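Trainee: need a 3D model of the following:
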Amino acid sequence: MRHREPAICLRATDYSETSQVVHFLARESGVARLLAKGTKRPKSKSGGAIDLLAEGDLVFTTPGGEALGTLIEFTETTARPRLRRDAARLNVALYMIELAGALLAEGDPHPEAFDLLHGALLRLGEPDAPAPAVLAYYQWRLLRHVGLMGELRACVECGRAIDPTRRRDGAYFSSSGGGLLCGDCEGAAEEKYLLDAPAPAGLAALAAAQAGKRVVLPDAQAHAVNRLLAYHAGYQLGRPLKTARLAIPPVGSGQ
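Mentor: This is a model prediction of the structure:
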């Protein structure tokens with residue numbers, strides 16, 4: 001079947017001296033794994049090798065099953081010069097596409113996820129964009145979209161309503177349990193994550209933003225939320241994402 005859709009390059013590897021295997025997130029078709037014949041030739045229809053984060057108009061065929069599809073044509077329409085000149089923002093962008101590729105199944109349509117990634121990358125490329133907040137909002141929305149954002153209003157063990165901003169209530173998150181743990185229940189949990197002090201306020205701000213309210217997410221809160229959500233995603237995937245350590249500063253780094 002032949003498709004023409006907007007798409008974003010999530011991953012690209014060499015297949016031969018002249019060809020690549022490229023993973024795209026296509027808006028209507030989802031993740032597509034394509035053999036891009038001859039793209040490494042300067043006179044190819046794509047204008048050369050396809051790079052990570054390239055976004056444009058993709059024409060491709062899908063054979064069905066586990067076989068590779070075939071890239072027919074790719075025309076890049078969205079350049080990202082600021083991202084490619086700013087190492088910190090580039091690292092955030094690379095983590096965004098790695099997360100999308102890890103969470104979304106091949107051939108499973110996710111137009112909302114495409115729109116989310118498209119918008120986050122555009123915002124990240126703006127000079128006034130707070131990169132940590134953009135990433136926090138992206139992670140939060142994508143994890144919610146795929147059904148992995150857990151309970152944040154009550155303890156997942158006993159059901160007691162908790163306010164994680166109050167230290168006596170505890171401030172733990174269990175990825176295996178699917179949400180927050182109260183102070184009475186966290187002791188029995190084999191897997192739990194101690195939230196950084198600014199994280200609860202950051203989570204509350206993201207929930208308010210999800211409800212349509214205008215909020216400000218300071219860098220300290222955004223970094224804390226990003227560490228939590230990267231931990232949660234890595235636990236669910238069974239491995240930490242390679243780009244997370246470059247995109248998200250660790251505790252005590254001064255960021």
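
Trainee: surely residue 19 and residue 41 touch.
Mentor: No. In this structure, residue 19 is not within contact of residue 41 by Cβ atoms under 8 Å, at 9.0 Å. Glycine gets a C-beta too; all of them are placed from N, C-alpha and C.

Trainee: who has more neighbours, the two?
Mentor: Ranked by neighbour count (other Cβ atoms under 10 Å), residue 19 and residue 41 place residue 19 first, with 18 against 15.

Trainee: flag every buried residue along the lengthiest strand in the chain.
Mentor: As assigned by DSSP state E, the longest strand anywhere in the chain is strand 2-14. Judged by neighbour count using 16 or more other Cβ atoms under 10 Å, the buried positions of strand 2-14 are 3, 5-12.

Trainee: so what touches that strand?
Mentor: Residues outside strand 2-14 that contact it (Cβ atoms under 8 Å, 6 or more residues apart in numbering) are 20-29, 31-32, 36, 40, 49-62, 72, 74, 77, 97-98, 100-101, 114, 117-118, 121.

Trainee: pairing partners for it, with directions?
Mentor: According to DSSP bridges, strand 2-14 forms sheet pairs with strand 20-26 (antiparallel), strand 55-61 (antiparallel).

Trainee: residue 129: which of the buried residues of strand 2-14 is nearest?
Mentor: Distances from residue 129 to these, taken as Cβ to Cβ, are shortest for residue 8 (17.8 Å).

Trainee: hmm, back to that, buried ones among the contacts of strand 2-14?
Mentor: Buried among those (16+ other Cβ under 10 Å): 20-27, 29, 31-32, 36, 40, 49-50, 52-56, 58-60, 62, 72, 74, 97-98, 100-101, 114, 117-118, 121.

Trainee: mind checking how far residue 76 is from residue 48?
Mentor: Distance, residue 76 to residue 48, using Cβ to Cβ, to the nearest Å: 10 Å.

Trainee: neighbour-wise, which of these two wins?
Mentor: Each of residue 76 and residue 48 has its neighbours counted (other Cβ under 10 Å); residue 76 has more, 17 against 12.

Trainee: check which helix or strand covers that one.
Mentor: Per DSSP states H and E, residue 76 falls inside strand 69-78.

Trainee: so where do the strands sit in this protein?
Mentor: In the chain, the strands defined using DSSP E lie at 2-14, 20-26, 30-36, 55-61, 69-78, 172-174, 179-181, 193-194.

Trainee: nearest to residue 92, of those?
Mentor: Of all the strands of the chain, strand 2-14 comes closest under Cβ to Cβ, at 14.8 Å.

Trainee: and the closest one, average pLDDT?
Mentor: In this model, strand 2-14 has an average pLDDT of 96.

Trainee: shaky segments in the stretch 51-200 of the chain?
Mentor: Applying pLDDT under 70 to the stretch 51-200 of the chain flags residues 65-66, 164-170.

Trainee: where exactly do the helices run in it?
Mentor: Chain-ordered helices for the stretch 51-200 of the chain, with DSSP state H, counting those that start in this stretch as the definition, fall at 81-85, 87-103, 111-124, 131-145, 199-210.

Trainee: rebuild the ones you listed as JSON lines, extending it with distance to residue 251.
Mentor: Output for the helices of the stretch 51-200 of the chain, formatted as JSON lines (distance: least, Cβ to Cβ, whole Å):
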{"stretch": "helix 81-85", "distance to residue 251": "26"}
{"stretch": "helix 87-103", "distance to residue 251": "17"}
{"stretch": "helix 111-124", "distance to residue 251": "23"}
{"stretch": "helix 131-145", "distance to residue 251": "14"}
{"stretch": "helix 199-210", "distance to residue 251": "11"}
